[in-house]
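Participant: what follows is a protein structure lacking sequence information:
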């Protein structure tokens, strides 16, 4: 310490030097070999005072020790080979974010990931597969267990799942389906609840397995007053680190921001703080397609951050009637868009309810058909406003317009499927031997 005591620095800042000298003594830095000869016995131990201890006011700060590896230690060390849990998506101890606007289909896809990993399944369209089933714990914050059961039964045939593997590897924890005696649920911003979940799945996983935790969704499982606060999100972000240390992988389900602002990876950002991006190995954004068939789950899959492989960008749909995943072909709805456009330009539709009665569909379906026809560029918004006003002011009564509309559909299109009820299919194609009528009739 003499060099410090006699230096010009000490003459200029005597109080600081005195404080440094006291801290060196208090922290036993001389014992750790900071000055003089390097203490080889402690070179692989980095002492530090953890934050939790520094927050205590009792003044007792006994150090803990971080392990330090030198290259001579690392050079020939054997590390476990990284395990592929879902090809082209997830390796062991990785974290993936899957996010979308509300109601697009993220639970359908996150459940598919769970079934693939737990049941040795395969989703051919995305080239996602598993050859060695692993334990999967699916934590859901908003859906009933019976609704998840229904979806899983629909998804199983589409993924070629091994049912015996699925029965022993898939675990489901539901906030909504807990007994009435349970008033609270996991809040994964809390360190204790994070460890409770991770320790539980590790205890119930076989040796040498690679458990996966799927959280659906972040907003319902993390109690944070301000998602845009990086500081508040920090508690949950640490769960990714804890999961890796426990040998677990994570799939985090979340929502996009309302404005769909584009992030640095070229795709819309998720809701709240973007600080989590540094902890993720892959991000996948799901966006609604401009058109979709009734009853189908349809979305565009856009891969944002990816540390491995080519980024995915394609539109897919789940066909619940044939129980299979398919590429989405927008041409499957072109004839419906054309039909809606022609009915509008013929002055037969003054409001959504008119189309509902012409097609014998629900009011919500009729509204969706007109909006999708506009979104897909078949019908201009200005034309819709103009022609519905002409229909209102025209010489035909509403009943006459409905009857003419039904005749037009019957004479120019073939209705292949018209299933009643919520989610029922409506498939239509143009009769190739018919031609649109002149609207000036």
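Facilitator: Yep, that arrived. Remember, it's a predicted structure, so these values are computed and weren't measured experimentally.
Participant: doesn't residue 305 lie inside a helix?
Facilitator: No. Remark: residue 305 does not belong to a helix; assigned using DSSP: H, G, I helix; E, B strand; the rest coil, it is strand.
Participant: can you tell me which residues contact it?
Facilitator: For residue 305, the contacting residues are 265, 277, 280-283, by CB atoms under 8 Å, 6 or more residues apart in numbering. For glycine as for every other residue, the C-beta is placed from the backbone atoms N, C-alpha and C.
Participant: what's the closest of those to residue 239?
Facilitator: Comparing the contacts of residue 305 against residue 239 with CB to CB places residue 280 closest, at 12.2 Å.
Participant: so that closest one touches residue 99, yeah?
Facilitator: No. Here residue 280 does not reach residue 99: they are 10.7 Å apart, not a contact under CB atoms under 8 Å.
Participant: ok, those two, which is more surrounded?
Facilitator: Using other CB atoms under 10 Å as the criterion, residue 280 and residue 99 rank with residue 99 on top: 24 against 19.
Participant: sorry, back to before: farthest pair within the contacts of residue 305?
Facilitator: The most widely separated members of the contacts of residue 305, counting by CB to CB, are 265 and 281 (12.8 Å).
Participant: which of the two has more neighbours?
Facilitator: Regarding residue 265 and residue 281, a neighbour count based on other CB under 10 Å identifies residue 281 as having more, with 19 against 16.
Participant: check contacts around that one.
Facilitator: Contact criterion CB under 8 Å, 6+ apart gives 91, 94-96, 305-307 as the residues in contact with residue 281.
Participant: export these to CSV and tack on pLDDT and distance to residue 412?
Facilitator: Output for those, formatted as CSV (pLDDT from 0 to 100; distance: CB to CB, whole Å):
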residue, pLDDT, distance to residue 412
91, 95, 54
94, 95, 53
95, 96, 53
96, 96, 47
305, 81, 48
306, 77, 47
307, 64, 52
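Participant: make a ChimeraX selection of the buried ones in these.
Facilitator: What follows is the ChimeraX syntax selecting those of these that are buried according to 16 or more other CB atoms under 10 Å:
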select :91,94,95,96,305,306
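Participant: what's the farthest-apart pair in the contacts of residue 281?
Facilitator: For the contacts of residue 281, the maximum inter-member distance is 14.6 Å, found between 91 and 305 (CB to CB).
Participant: show the pLDDT at the residue positioned nearest the centre of the chain.
Facilitator: Centroid check for the chain by CA atoms, centre = their mean gives residue 98 as the closest residue, at 2.0 Å. Reading off the confidence values, residue 98 has pLDDT 96.
Participant: could you measure from it over to residue 111?
Facilitator: Distance, residue 98 to residue 111, using CB to CB, to the nearest Å: 11 Å.
Participant: stretch 260-267: end-to-end distance?
Facilitator: With CA to CA, to the nearest Å as the measure, stretch 260-267 spans 9 Å from end to end.
Participant: quick one: mean pLDDT for that stretch?
Facilitator: Confidence for stretch 260-267, expressed as mean pLDDT, is 84.
Participant: so how far is that stretch off the chain centroid?
Facilitator: In this view, stretch 260-267 has its centroid 15 Å away from the chain centroid, taken as CA atoms, centre = their mean, to the nearest Å.
Participant: enumerate the positions of that stretch that are buried.
Facilitator: Counting neighbours by 16+ other CB under 10 Å, the buried set in stretch 260-267 is 263, 265, 267.
Participant: which of those residues sits closest to residue 321?
Facilitator: Relative to residue 321, the closest of those is residue 267; by CB to CB it sits at 30.5 Å.
Participant: my guess is the closest one contacts residue 302. True?
Facilitator: Yes. Using CB under 8 Å, residue 267 makes contact with residue 302 at a distance of 4.9 Å.
Participant: give the intersection of the neighbour lists for these two.
Facilitator: Shared contacts of residue 267 and residue 302 (CB under 8 Å, 6+ apart): residue 285.
Participant: residues in contact with the helix or strand containing residue 252: which ones?
Facilitator: With elements delineated by DSSP states H and E, residue 252 resides in strand 249-255, which encompasses its position. Outside strand 249-255, the residues within contact range by CB under 8 Å, 6+ apart are 85, 90-102, 106-107, 110, 113-114, 210-219, 239-240, 243, 270-272, 280.
Participant: that one - which strands sit beside it in the sheet, and in what orientation?
Facilitator: Sheet partners assigned to strand 249-255 using DSSP bridges are listed as strand 95-100 (parallel), strand 212-216 (parallel).
Participant: of the contacts of residue 281, which is the nearest to residue 313?
Facilitator: Using CB to CB, residue 306 is the member of the contacts of residue 281 that sits closest to residue 313, with 11.2 Å.
Participant: where's the closest one relative to residue 219, distance?
Facilitator: Taking CB to CB, one finds residue 306 at 24 Å from residue 219.
Participant: can you check residue 284 too?
Facilitator: 17 Å.
Participant: looking at those two, which is more packed in?
Facilitator: Using other CB under 10 Å as the criterion, residue 284 and residue 219 rank with residue 284 on top: 25 against 15.
Participant: wait, a strand at the more buried one?
Facilitator: Yes. Under the criterion used here (three-state DSSP), residue 284 sits inside a strand.
Participant: okay, and the beta partners of it?
Facilitator: Here residue 284 sits in beta bridges with residue 98, residue 303, as judged by DSSP bridges.
Participant: residues contacting the residue nearest to the centre of the chain?
Facilitator: So residue 98 contacts 106, 109-110, 113, 251-254, 283-284, 286 (CB under 8 Å, 6+ apart).
Participant: just name the closest of those residues to residue 401, please.
Facilitator: Residue 401 has its nearest neighbour among the contacts of residue 98 in residue 286, at 38.7 Å by CB to CB.
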